[in-house]
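Chemist: Sharing a sequence plus its predicted fold:
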Amino acid sequence: MLKIVVPTINGGFSSHFGGADRFAIFEVDEGSRTITSQVSAAPPPHEHGSFPIWLKDQGASVILAGGMGPRAVQMLEQFGIETVIGVGDGEPEQLVRAYLDGTLSATGEGCGGGGLHDCAGHGDGH
């Protein structure tokens, strides 16, 4: 079973990982590459490192994100979670389906620097 996670805000795609108020977690059958279930889960309060640790505890396999700081990318990859960054806007389920069929467009570019930074207009230190 594969767990693909998409950060969301107000029910739609969150263009910045650290700005998510919830995460859509899709369980996928690896053989058929079909979505078997979906839940929306609230993460812990956002502090440096809290989201990657929480996602590891949720059993995440892949995260599809727009902007993401290098520390978060590094932590997720150390936990064995594939990070796909630079994903464009879209409905979370559509993004997961595009990932599964190999048509997801992602630049591979996240956010530069650590600490306080301004990434896609999200200058709140994540």
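Modeler: That came in fine, so what should we check first?
Chemist: Could you list which residues are in contact with Val5?
Modeler: 23-26, 55, 58, 60, 62-64 (CB atoms under 8 Å, 6 or more residues apart in numbering). C-betas here are computed from N, CA, C, even on glycine.
Chemist: Work out for me the element it sits within.
Modeler: strand 2-9 (DSSP states H and E).
Chemist: tell me which residues in that strand are buried?
Modeler: By neighbour count with 16 or more other CB atoms under 10 Å, strand 2-9 contains the buried residues 2-8.
Chemist: Can I get these in JSON lines including distance to Ser40 and pLDDT?
Modeler: Rendered in JSON lines, the data for those read as follows (distance: CB to CB, whole Å; pLDDT from 0 to 100):
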{"residue": "Leu2", "distance to Ser40": "18", "pLDDT": "96"}
{"residue": "Lys3", "distance to Ser40": "13", "pLDDT": "98"}
{"residue": "Ile4", "distance to Ser40": "13", "pLDDT": "98"}
{"residue": "Val5", "distance to Ser40": "11", "pLDDT": "98"}
{"residue": "Val6", "distance to Ser40": "10", "pLDDT": "97"}
{"residue": "Pro7", "distance to Ser40": "11", "pLDDT": "97"}
{"residue": "Thr8", "distance to Ser40": "7", "pLDDT": "96"}
